[in-house]
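**Student:** I need the structure of the sequence given here:
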Amino acid sequence: MINRVRKGIWLAAALVAVSGCAGRAEVRAGPPGAGCTDPVYRQLDFKIGEFKVTGIGGAPAGESKVEAVLGGCMLLEQWRGAISGYGRAHMFYDKSDRLWRLIFVTDDGETMYLSGQFEGSALVLTGENDIDSFVGLHRMSFSPLADGEIVSSGSSRSTRAPLGKSYTTGPTGE
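**Tutor:** Sure thing, here's the model as predicted:
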């Protein structure tokens, strides 16, 4: 009986030792992916850069830094509001359903999920969201100007407001 217990302990110790060694094994990354070389992934390249964002009338709204990541498969935006608030947006083309996606998260945990496609030179995104204590349909568009600036506009329609009542904003950046 004691021999069986010793064998059991020995077997358990050996298994722990082997699994511990396997857990410390070196993991080598494979070669990088080919990246996203299809021209559709370059449609938002006009958003890449650092921008001072102004609202209606030229009042400062914030700052935006956008960079291409993951071999050009996604854009990462870092947002800082003029008064307060930070946010991050991931923008990417979803080739499975041929739509652009935007996922935005703020530093107070609010999120916004939008999807859409290009209408002419403007990317138009929509989604039902609850952000900034506003529940409803959000619509956002981005389009480049000839001088390298960007026009961004947004609007919201409440799904909780009485019929005929809505909240809309005009251009949010230039």
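**Student:** Over to the nearest residue to Arg42 once chain neighbours are set aside. Which of the three states is it?
**Tutor:** Leaving aside its sequence neighbours, Arg42 sits nearest to Gly72 (C-beta to C-beta, 6 or more residues apart in numbering; 7.5 Å). Using the backbone N, CA and C atoms, a C-beta is placed for each residue, glycine as well. Classification of Gly72 by DSSP: H, G, I helix; E, B strand; the rest coil places it in coil.
**Student:** Confirm for me that Gly72 is in contact with Pro39.
**Tutor:** No. Taking C-beta atoms under 8 Å as the definition, Gly72 is not a contact partner of Pro39, at 10.9 Å.
**Student:** Which of those two has more residues huddled nearby?
**Tutor:** Between Gly72 and Pro39, counted using other C-beta atoms under 10 Å, Gly72 has the larger neighbour count: 15 against 7.
**Student:** In terms of pLDDT, where does the more buried one sit?
**Tutor:** For Gly72, the pLDDT comes out at 93.
**Student:** ditto for Ala13
**Tutor:** Looking at Ala13, its pLDDT is 43.
**Student:** for Leu125, same thing?
**Tutor:** Reported pLDDT for Leu125: 89.
**Student:** Over to the one 10 residues further on?
**Tutor:** If you check Val135, the pLDDT there is 71.
**Student:** Using the three-state scheme, assign it.
**Tutor:** strand.
**Student:** Can you get me a residue count around it?
**Tutor:** Count around Val135 with other C-beta under 10 Å applied: 15.
**Student:** do Lys47 as well
**Tutor:** 20.
**Student:** likewise Leu102?
**Tutor:** By other C-beta under 10 Å, the residues close to Leu102 number 21.
**Student:** contacting residues around the closest residue to it other than its chain neighbours?
**Tutor:** Computed as C-beta to C-beta, 6+ apart, the closest residue to Leu102 that is not its neighbour in sequence is Leu114, at 4.4 Å. Taking C-beta atoms under 8 Å, 6 or more residues apart in numbering, we find Leu114 in contact with 101-102, 104, 125-127, 129, 138, 140.
**Student:** just the residues you listed now: which is nearest Ile83?
**Tutor:** Nearest to Ile83 among those, counting by C-beta to C-beta, is Phe104 at 17.6 Å.
**Student:** what about Gly85, distance to Phe104?
**Tutor:** Per C-beta to C-beta, to the nearest Å, Gly85 is found 11 Å from Phe104.
**Student:** Oh, that last question was meant for Val69, not what I typed.
**Tutor:** As for Val69, its distance to Phe104 is 16 Å (criterion: C-beta to C-beta).
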